[in-house]
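Novice: what's the 3D shape of this:
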Amino acid sequence: MELWFDDNLIEEEQWGRTVERLQSETGDFIEDETVCRALITKELVSAVKQRMPQSKFGIFLSGGLDSSLLTLIAQQLKGQFICYTAGFGEAKDAAFARKAAESLGVEWKLKLLTIDEVETYIQKAVAIMKPVQLVDPVSVGVSAVLMAAVDLARADGVTTFFGGLGAEEIFGGYHRHVEAEDVHEECWRGLKAMWGKDFVRDAALAKALGITVLTPFLDEKLITAAMRVPGKYKIVDGAQKSVIFGTSKSADFAGERKVILRKAAEELGLVKEIAWRKKSAAQYGSSFDKALEKLAKKQGCKDKGLYLKSIRKAF
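Specialist: The predicted structure follows:
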């Protein structure tokens, strides 16, 4: 199944039924870690290939695992694309995206915004998110980052993008996956819950900006493949690390997330520094959240939520 973020966004009830169907269709766990890794790689490459546009497209490159891996695969499949990154100040994403782009030898464009420019994007994001009732620091911060990257791409006539949505849920990328009693069940639960915020947010953005966002990590075959991977290969603690990585240094990857995907990325050719970069959400890696804090303080608001509430009243 493909999610086209436009007027045809899948209905919440339909998405819930789809996840339940996929859960019922998913086979038993694959205990061989090498077989798991090979299956994940096969299905992810296939998911990207099936969605590869014939014309030039963009990739939102944060310099993290997911976007960098999509960039690597798109390059290996000889896609025609440009990577785009937006940030504020000394954004960590800008530095990592540069490393990823240079190591892969792909075309990459960066826009570092001033505080005034960030304020403009924050205001535009609030206007778009208000009708779908997602005027919170996370939704607005993520939206503002993507809007800035899309504007950067407009000069190239690019309106179709690859995004990494879904990778965290199917491979166990959040702290709640680490704390969950059953990683597998938490992945299914989180996958179903994505509609309420992630899908609605991105659909509203895509409609307002006139873009299409392609989501290979939400490919049905990839989802079922990822859900056949035991939790011990997604979240690796100290005891598991000595077995999986063949080393006695058990503390190095204690609590590491998305391990199976990171190892697959390295095997495909992604540099180690990028493949094992710690997760940094878009609003933080871009430093847009820091800019939001500065703007809130400037307006005399004690927190980001109150600042966004004040903007919301203006629309």
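Novice: any stretches of the stretch 1-150 of the chain with poor pLDDT?
Specialist: Scanning the stretch 1-150 of the chain for pLDDT under 70 picks out 1-7.
Novice: now do the strands in it.
Specialist: For the stretch 1-150 of the chain, the strands defined by DSSP state E, counting those that start in this stretch cover 57-60, 81-88, 108-113.
Novice: quick one: the helices in the stretch 1-150 of the chain?
Specialist: 12-25, 33-51, 65-76, 92-104, 115-129, 137-154 (DSSP state H, counting those that start in this stretch).
Novice: can you list the buried residues in the longest one?
Specialist: Buried residues in helix 33-51, counted by 16 or more other Cβ atoms under 10 Å: 33, 36-37, 39-41, 43-48, 51. For the C-beta atoms, the positions are set from N, CA and C on the backbone; glycine is no exception.
Novice: next one, pLDDT for residue 279 please.
Specialist: Here the pLDDT value assigned to residue 279 is 85.
Novice: same deal with the one 5 residues further on?
Specialist: The predicted structure scores residue 284 at 89 on the pLDDT scale.
Novice: so it sits in a strand?
Specialist: No. Read with DSSP: H, G, I helix; E, B strand; the rest coil, residue 284 is helix and lies in no strand.
Novice: I'd like the distance between it and residue 172.
Specialist: Distance of residue 284 to residue 172, computed by Cβ to Cβ, to the nearest Å: 19 Å.
Novice: okay, those two: which has more neighbours?
Specialist: residue 172 (29 against 17; other Cβ atoms under 10 Å).
Novice: right, and the more buried one touches residue 257 too?
Specialist: Yes. In this structure, residue 172 is within contact of residue 257 by Cβ atoms under 8 Å, at 5.5 Å.
Novice: name the residues contacting each of those two.
Specialist: Here residue 172 and residue 257 share the contacting residues 178, 234-235, scored by Cβ atoms under 8 Å, 6 or more residues apart in numbering.
Novice: residue 122: which of those residues is nearest?
Specialist: residue 178 (31.2 Å; Cβ to Cβ).
Novice: confirm that closest one sits in a helix?
Specialist: Yes. Counting by three-state DSSP, residue 178 is found in a helix.
Novice: count the neighbours of it for me.
Specialist: Residues lying near residue 178 (other Cβ under 10 Å) number 18.
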